[in-house]
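K.L.:
sequence? don't have it. structure:
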């Protein structure tokens, strides 16, 4: 089976027993200015706090809602707020990295406006459908854009800790991976989703499908079903189940339910990874009581252990994971490794999501 292929550099680490758990991306060899396109919630709560944490310069910002852009500029000390996309691009430093965080339907037009050869980090998903994503990739190829997708879960502190454990060999051969999410998600915070032809698997579970690819490699097939819920009748779906085929000796699944309303007692948000000699589990606290979030946890158990060992974490998915994709972009611009989420790899995740939707459509019964 493929091993965990996280090819970035890592900085801070936590020592538990004889194991080192790296949880942070190393500081890039050189820092480049960032130009942000979009001023929505993910920029406010994750992108900008992460860049501030890293000491990255955000040189300018633009949003179709000027009030949002000015509000974030004041809060995070951004010196330039553009009145249009063209003004933003015209005033962007030549060596900047564009940080694109708008609805996917806008990506093609924005990318077509960027300077040829520019570096650009694109918020996931890179399209609502595989055809949308292919259009984005084609534009990037035509304009020689150095583009990557912001699949930041690969860089969450607990994911990097898991990577350290896998690399240590302590888990043995990996045999079973499970994502389970049973929470209440306030989808009304993103009203544009009500008009989206696809929702849960492409806007949420795509993170988990991407990480499954990253750990196990490409599955042979996927079986899936995405369904609606009476609590959110305008959404195409808000729960799903996906099974990824890796042969007789391995398994990976995703089960999500976003309409839990019985309080926190039985809410769940975790990844569990079992190997032949150990088990690891991390809790994604962000999904619990979003966006405030609940506690993040990373724990493991090895053959012979009397109990589970908890590893202290240095941060969470929001905002700490968002340090990784931008750090990887800066390393790339300095001549380092291509980011693991480079646009063509991101297209493979979109293909997997497309396969999941095709499987779901095939399972639908006539009304």
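P.N.:
Received the coordinates, thanks. These figures come from a predicted structure and were not determined experimentally.
K.L.:
End to end on stretch 260-270, go ahead and measure it.
P.N.:
Distances were taken as Cα to Cα, to the nearest Å; on that basis the terminal residues of stretch 260-270 are 15 Å apart.
K.L.:
just stretch 245-258 next, same as before
P.N.:
End-to-end distance for stretch 245-258, by Cα to Cα: 25 Å.
K.L.:
Residue numbering should commence at 719 henceforth.
P.N.:
With 719 as the first residue, the last one maps to stretch 963-976.
K.L.:
pLDDT (mean, whole number) over it?
P.N.:
The average of the pLDDT scores along stretch 963-976 is 96.
K.L.:
where along the stretch 769-918 of the chain do the helices fall?
P.N.:
784-794, 803-808, 825-831, 848-860, 875-886, 918-921 (DSSP state H, counting those that start in this stretch).
K.L.:
show me what contacts the nearest residue to residue 797 once chain neighbours are set aside?
P.N.:
If the residues on either side of it in the chain are set aside, residue 797 comes closest to residue 777, at 6.8 Å by Cβ to Cβ, 6 or more residues apart in numbering. Yep, even glycine has a C-beta here, placed from its N, CA and C like the rest. With contact set as Cβ atoms under 8 Å, 6 or more residues apart in numbering, residue 777 has these partners: 751, 752, 753, 796, 797, 798, 810, 811, 814.
K.L.:
any idea which of the helices of the stretch 769-918 of the chain is most buried?
P.N.:
With neighbours defined as mean count of other Cβ atoms under 10 Å, those peak in mean count at helix 918-921, which reaches a mean of 26.
K.L.:
Quick one: residues in contact with that one.
P.N.:
Applying Cβ under 8 Å, 6+ apart, the external contacts of helix 918-921 come out as 843, 846-847, 911, 914, 927, 942, 944, 953-958, 960, 974, 976, 1071, 1074-1075, 1078.
K.L.:
make it 7 Å
P.N.:
Outside helix 918-921, the residues within contact range by Cβ atoms under 7 Å, 6 or more residues apart in numbering are 843, 846, 911, 942, 944, 955-958, 974, 1071, 1074-1075.
K.L.:
Stretch 744-762 now?
P.N.:
If you take Cβ under 7 Å, 6+ apart as the criterion, stretch 744-762 is touched by 727-729, 765, 769, 774-781, 783, 786-787, 790, 806, 810-811, 813-820, 828, 841, 907, 1044-1045, 1048-1049, 1051-1052.
K.L.:
Take these and keep only those in strands.
P.N.:
776, 777, 778, 779, 780, 815, 816, 817, 818, 841 (DSSP state E).
K.L.:
Next, find the distance separating the fifth one from residue 809.
P.N.:
What it means is residue 780. The gap separating residue 780 from residue 809 is 10 Å, by Cβ to Cβ, to the nearest Å.
K.L.:
thinking again about what came up before, could you tell me which of the contacts of stretch 744-762 count as buried?
P.N.:
When the contacts of stretch 744-762 are checked for burial by 16 or more other Cβ atoms under 10 Å, the buried set is 728, 765, 769, 774, 776-781, 786-787, 790, 806, 810, 814-820, 828, 841, 1044-1045, 1048-1049, 1051.
K.L.:
The most centrally placed residue in the chain and residue 839, how far apart?
P.N.:
By Cα atoms, centre = their mean, the chain has its centre lying nearest to residue 869, at 3.0 Å. Summarising the geometry, the distance separating residue 869 from residue 839, computed by Cβ to Cβ, is 11 Å.
K.L.:
where does the stretch 719-868 of the chain dip in pLDDT?
P.N.:
Flagging of the stretch 719-868 of the chain using pLDDT under 70 yields the residue ranges 719-735.
K.L.:
now the helices for the stretch 919-1068 of the chain?
P.N.:
So, for the stretch 919-1068 of the chain - with DSSP H, counting those that start in this stretch - the helices run 924-934, 1041-1051, 1061-1081.
K.L.:
mind giving me TSV with those and columns for mean pLDDT and distance to residue 1014?
P.N.:
As requested, the helices of the stretch 919-1068 of the chain are exported to TSV (pLDDT from 0 to 100; distance: least, Cβ to Cβ, whole Å):
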stretch	mean pLDDT	distance to residue 1014
helix 924-934	97	15
helix 1041-1051	98	15
helix 1061-1081	95	23
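K.L.:
I'd like to know which of the ones you listed lies nearest to residue 1003.
P.N.:
With Cβ to Cβ, the closest approach to residue 1003 among these belongs to helix 924-934: 14.5 Å.
K.L.:
The closest one - contacts with which helices or strands?
P.N.:
Of the remaining helices and strands, those touching helix 924-934 by 3 or more Cβ pairs under 7 Å, 6 or more residues apart in numbering; DSSP states H and E are strand 892-900, strand 969-975, helix 1061-1081.
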